[in-house]
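# here are the coordinates; sequence isn't available:
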């Protein structure tokens, strides 16, 4: 992306403080965070690999449900916050590396049954290779839980700033899962109102950062009715996709 109005962080995102700053803003979306975690809770096992542990927002939730959580986080700016958030938690261990640099054989020794990957796959250039690694490290019958931004037409300056290589459709995400040898057991859109807001930010305001004001407005006026409704009826399209894959053998 060469647009002078934004910085393309697809290839240097693990070196930037921007990621930790953005996650700080998104921590204000507490209802939404609980909602996303709730979508995956029925599929979370006892031994979890969290890819892109960030500043620990989801890690703190995972350790309540699991016996072991192995967090992968390559960004040093996020990692310092993560270490502080999870200090003294015996069920959590941290790998300070990119997924592609992890020792897959070492991960296999943990007998993992779940990969939890929320808003991370879009940051990885070779997503099929990442999904294949997810499949390889979990036991048969285990789940790969993925939450990604949706609708490529919504790609804008903020996506590039965040280091997104792409946004997904049901077709492209299911194809990536299939290429990695994972059976898709659930695939649905989420956050219809969020898509409207993201399109506006991408194509009208050309926003480069999440706005604390917008996040708080969403939490106060949209989340209380949209999120319960989406738990009952998945929207026909949305700002994100929820995917659950299973390793059959």
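All right, it came through fine. Because the structure is predicted, anything quoted here is derived from the model rather than measured.

# contacts, neighbours, all on C-alpha from now
Fine.

# Give me the longest strand you can find in this structure.
Once the chain is assigned using DSSP state E, the strand that runs over the most residues is strand 138-149.

# strands paired with it, and their directions?
strand 112-118 (parallel), strand 240-246 (antiparallel) (DSSP bridges).

# residues making contact with that strand?
Applying Cα atoms under 8 Å, 6 or more residues apart in numbering, the external contacts of strand 138-149 come out as 40, 43-45, 108, 111-122, 134-135, 167-168, 239-249.

# Filter the residues you listed down to the buried ones and hand me the ChimeraX line.
The ChimeraX selection below is limited to those of the contacts of strand 138-149 classed as buried (16 or more other Cα atoms under 10 Å):
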select :40,43,44,45,111,112,113,114,115,116,117,118,119,120,121,122,134,135,167,168,239,240,241,242,243,244,245,246,247
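
# surely residue 177 meets residue 131?
Yes: look at residue 177 against residue 131 with Cα atoms under 8 Å: they come within range, at 6.7 Å.

# Please report the distance of residue 80 from residue 55.
For residue 80, the distance to residue 55 equals 8 Å [Cα to Cα, to the nearest Å].

# Tell me which of the two has more neighbours.
With neighbours defined as other Cα atoms under 10 Å, residue 80 and residue 55 compare such that residue 55 has more, 26 against 13.

# residue boundaries of the helices in the chain?
Under the criterion DSSP state H, the chain carries helices at the ranges 18-26, 30-40, 59-65, 76-85, 104-108, 127-137, 157-162, 170-179, 192-200, 212-217, 223-232.

# Neighbours of residue 208, how many?
A count of neighbours around residue 208, defined by other Cα under 10 Å, yields 18.

# For it, give its distance to residue 9.
Between residue 208 and residue 9 the distance is 12 Å, computed by Cα to Cα.
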